[in-house]
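> Provided below are the primary sequence and the corresponding predicted coordinates.
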Amino acid sequence: MGSVNRGVGLGSLVILLCLNGGCGSSQYETPEATFQTAKSAVERNDCQGFCRCLTARARDEMAAGLVIAGSLAQLAADLPGAGAGKVRDRAQRIKAVLEKHGLAAQTMPKMSLDLTASKERQKREILKLVEPIADRNAFIADFFRAIVETADDPDMKFIEPDARLVDLKTGSDTATATLAETRQGREKTSPIAFEKVDGQWKISQLPPLMN
């Protein structure tokens, strides 16, 4: 009887794991499925759900880009003629997000960016910016919340509702495609790539955000 009970318990645990995204969740079963999962997360304003569709490297590169953008936004808000209102409000909100995630001005990691170095070496240097961030998914979610809540267009998305994958080419562990979408009345196309990680497809190259 003891062995039967243990067997039933193990079976229940396996079912629970599968229901909660284990066992190779169908959300990430193919590049197309991962893309649709990411798109759905964007439509729900679920930034953390979107981040779970990315490889760790792609997520960190995205976070590093936001750190740079946040620093530039603060500088722009201090320029003469920048005005008040949303520009300064956005800069203050971004500053609060950076500080919350360990990126106060006095603790911001220093980069030594050599523009003559290889792109990979430049990326490694830029990634130093996210080293103090313990929860990068939460940082990205907090950053975009600050942006959206102070934006002129509160409905802006970094993936448009009509976005689709074109010319998808899938190998054993990598895939490439073109992301096509309509933005501001014009069709935009950008490269996007995927990588299989622990049996699940994740986005490894993001299109430019809100291009």
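Received, thanks.
> could you report the distance from residue 175 to residue 32?
For residue 175, the distance to residue 32 equals 9 Å [Cβ to Cβ, to the nearest Å]. For the C-beta atoms, the positions are set from N, CA and C on the backbone; glycine is no exception.
> overlap in contacts, these two.
Residues touching both residue 175 and residue 32 (Cβ atoms under 8 Å, 6 or more residues apart in numbering): residue 168.
> higher neighbour count, the two?
Set side by side, residue 175 and residue 32 show more neighbours around residue 175, with 23 against 16, by other Cβ atoms under 10 Å.
> now that one: which helix or strand?
Per DSSP states H and E, residue 175 falls inside strand 174-183.
> who's in contact with that strand?
31, 35, 159-160, 162-169, 187-196, 201, 204, 207, 210-211.
> out of those residues, which are buried?
Buried residues within the contacts of strand 174-183, counting neighbours by 16 or more other Cβ atoms under 10 Å: 31, 35, 159-160, 163, 165, 168, 190, 192-196, 201, 204, 207.
> of all those, which two lie farthest apart?
Spanning the widest gap among those are 160 and 196, at 26.2 Å by Cβ to Cβ.
> what stretches of this protein score poorly on pLDDT?
1-25, 79-84, 113-114, 153-156, 209-211 (pLDDT under 70).
> all strands of it, in order?
Shown for the chain, the strands assigned by DSSP state E span residues 164-170, 174-183, 186-197, 200-205.
> residue 104: which of those strands is closest?
Closest of the strands of the chain to residue 104 is strand 200-205, at 30.4 Å (criterion: Cβ to Cβ).
> centre of the chain to the closest one, how far?
11 Å (Cα atoms, centre = their mean, to the nearest Å).
> got the domain boundaries for the protein?
Domain segmentation of the chain under automatic domain parsing yields 26-159, 160-196.
> the shortest one: end-to-end distance?
Using Cα to Cα, to the nearest Å, the end-to-end distance of domain 160-196 comes to 24 Å.
> before we move on, what about stretch 75-93?
13 Å.
> likewise for stretch 112-130?
Using Cα to Cα, the end-to-end distance of stretch 112-130 comes out at 15 Å.
> check stretch 164-183 too.
Across stretch 164-183, the terminal residues are separated by 13 Å (Cα to Cα).
> oh, and call the first residue 26 from now on, that's how I've got it
Sounds good: first residue 26 from here, last item stretch 189-208.
> which parts of the strand holding residue 200 are buried?
Using 16+ other Cβ under 10 Å as the test for burial, strand 199-208 gives 200-202, 204-206.
> neighbouring strands - and their directions - for it?
strand 189-195 (antiparallel), strand 211-222 (antiparallel) (DSSP bridges).
> out of these, nearest to residue 124?
Of all the strands paired with strand 199-208, strand 211-222 sits nearest to residue 124, with 31.5 Å by Cβ to Cβ.
> contacting residues around residue 187?
Contacts here follow Cβ under 8 Å, 6+ apart; on that basis residue 187 touches 206-207.
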